[in-house]
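Peer 1: Output the structure for:
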Amino acid sequence: MQSQNLSIGFAVLLAIFAVTTLLTATPASAQTEKVLFNFATPWQPLAGVIFDAAGNLYGTTYQGGSDANCILQFGCGVVFELSPTGEGGWEGKILHTFSFNGTDGVSPNAGLTLDHAGNLYGTTSQGGV
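Peer 2: Sure, this is the predicted structure:
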């Protein structure tokens with residue numbers, strides 16, 4: 001009988017703790033968004049970005065770039081880097097423009113991977129050998 005009373009007492013204590021936690025919980029603060037960089041239309045950054053140790057962001061766009069073989073398709077995509085300027089802004093740089101030349105892939109639609117040496121790896125949805 002004493003074991004049953006302990007179980008009931010524990011259940012009541014747990015219920016009181018749960019109600020107290022719900023009544024005193026701090027509501028989550030509203031999240032804000034900030035535009036870091038505006039891509040030219042229709043570049044389409046479809047995948048997520050990754051950070052390196054220095055705080056730079058890396059990613060891909062499905063279209064965009066200036067390769068002449070891809071102009072009719074709005075570009076074959078790029079690998080980009082966004083670096084903080086130190087004044088709250090970001091500076092964008094194109095690291096690779098994909099080219100429909102028979103050996104390069106085109107239209108990346110997945111993110112990148114960064115190895116320990118700082119090399120970037122990724123995939124494209126079309127092209128390449």
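Peer 1: after the least confident helix or strand in the chain by mean pLDDT comes which helix or strand?
Peer 2: Here the helix or strand of the chain ranked lowest by mean pLDDT, DSSP states H and E is helix 2-24, holding a mean of 56. Scanning forward in sequence from helix 2-24 by DSSP states H and E, the next helix or strand is strand 50-51.
Peer 1: Check the residue positioned nearest the centre of the chain and give its pLDDT.
Peer 2: Nearest to the mean C-alpha position of the chain, by Cα atoms, centre = their mean, lies G48 at 2.7 Å. On pLDDT, G48 comes in at 88.
Peer 1: tell me which residues in stretch 90-109 are buried?
Peer 2: Going by neighbour count (16 or more other Cβ atoms under 10 Å), the buried part of stretch 90-109 is W90, T97, F98, S99, F100, D104, G105, V106, S107, P108, N109. Heads up, the C-betas are built off the backbone N, CA and C, glycines and all.
Peer 1: list the contacts for the fourth one?
Peer 2: Pointing back at S99 there. D67, N69, C70, C76, V106 (Cβ atoms under 8 Å, 6 or more residues apart in numbering).
Peer 1: So which one of those is the model least confident about?
Peer 2: Ranked by pLDDT, those bottom out at N69 (69).
Peer 1: Thanks a lot, see you next time.
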